[in-house]
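Novice: sequence and predicted structure are below.
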Amino acid sequence: MGFCLFNNVALAAAHAVEALGRRRVLVLDPDVHHGNGTQRAFYGRRDVLYVSSHRFPFYPGTGWFDELGTGEGEGFTVNLPLPPGMGDADFHHLYDRVVGPIVAEYRPELILISAGFDTWKRDPLGGMRVTEDGYAALFGLFRRWADAHCPGRIAATLEGGYDPAGLVAGVRVALEILSGERPAPEGIDAGACESGSGDRRPGPAHALPYWKALR
Ligand SMILES: [Zn+2]
């Protein structure tokens with residue numbers, strides 16, 4: 001809505017299901033904005049699992065925990081709204097502890113990433129505090145999930161990012177890790193967390209009932 005002529009990830013996911021016969025496509029959306037168009041495209045379907053972390057409340061206004069999908073797709077939209085100021089350790093914790101178990105249970109046949117880098121620490125719009133180490137840790141997880149469930153079937157499209165230095169850092173580290181040129185880091189040093197204490201870290205909230213791994 002507003003920024004894209006075509007929703008590349010949604011088109012790719014639809015093509016994977018309709019033309020290639022994939023039955024479980026995972027869309028990961030760490031862009032700082034909620035992907036309202038992607039959510040809407042697959043809201044009633046379980047063949048595309050949409051997982052988004054995003055600042056909330058924020059443009060475009062959607063993406064609260066209770067937007068979970070509908071009908072057959074109930075539980076197959078997972079929204080993780082976040083306050084501003086989240087840093088490397090927060091994002092790693094969220095994806096490792098909350099998204100990881102959901103991914104393991106879903107067993108994706110293809111992983112598509114809405115690769116936005118507007119969570120960058122100096123992004124003029126995003127208000128988050130992610131550094132290059134944070135992107136390395138995040139894409140390290142994505143790469144590991146692909147290796148475990150669908151080796152080689154992982155793709156990213158560039159989405160937001162409004163500080164050129166953040167784009168350079170994020171795109172480079174994402175490509176290096178997805179291509180295997182740079183080893184995926186083991187994790188992240190929690191001591192490097194910029195945004196502080198554990199109690200601010202987000203939890204799975206409404207997604208709990210739908211995923212055994214989180215109960
Ligand atoms: Zn964005």
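Specialist: In hand now; what should we look at?
Novice: check contacts around residue 105.
Specialist: By Cβ atoms under 8 Å, 6 or more residues apart in numbering, the contact list for residue 105 reads 211-213. From N, CA and C alone the C-beta is placed, and that goes for glycine too.
Novice: how far does the host helix or strand of it sit from its chain's centre?
Specialist: Assigned by DSSP states H and E, residue 105 falls within helix 100-106. How far helix 100-106 lies from its chain's middle: 13 Å, per Cα atoms, centre = their mean, to the nearest Å.
Novice: so for it, mean pLDDT?
Specialist: The average pLDDT for helix 100-106 rounds to 96.
Novice: before we move on, the earlier item: okay if I get the contacts of residue 105 as a markdown table plus secondary structure and pLDDT?
Specialist: Output for those, formatted as a markdown table (DSSP: H, G, I helix; E, B strand; the rest coil; pLDDT from 0 to 100):
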| residue | secondary structure | pLDDT |
| --- | --- | --- |
| 211 | coil | 86 |
| 212 | helix | 83 |
| 213 | helix | 75 |
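Novice: among the residues you listed, who's most crowded?
Specialist: Among the contacts of residue 105, residue 211 has the most neighbours (other Cβ atoms under 10 Å), with 18 neighbours.
Novice: my guess is that residue contacts residue 76. True?
Specialist: No - using Cβ atoms under 8 Å, residue 211 makes no contact with residue 76, being 10.0 Å away.
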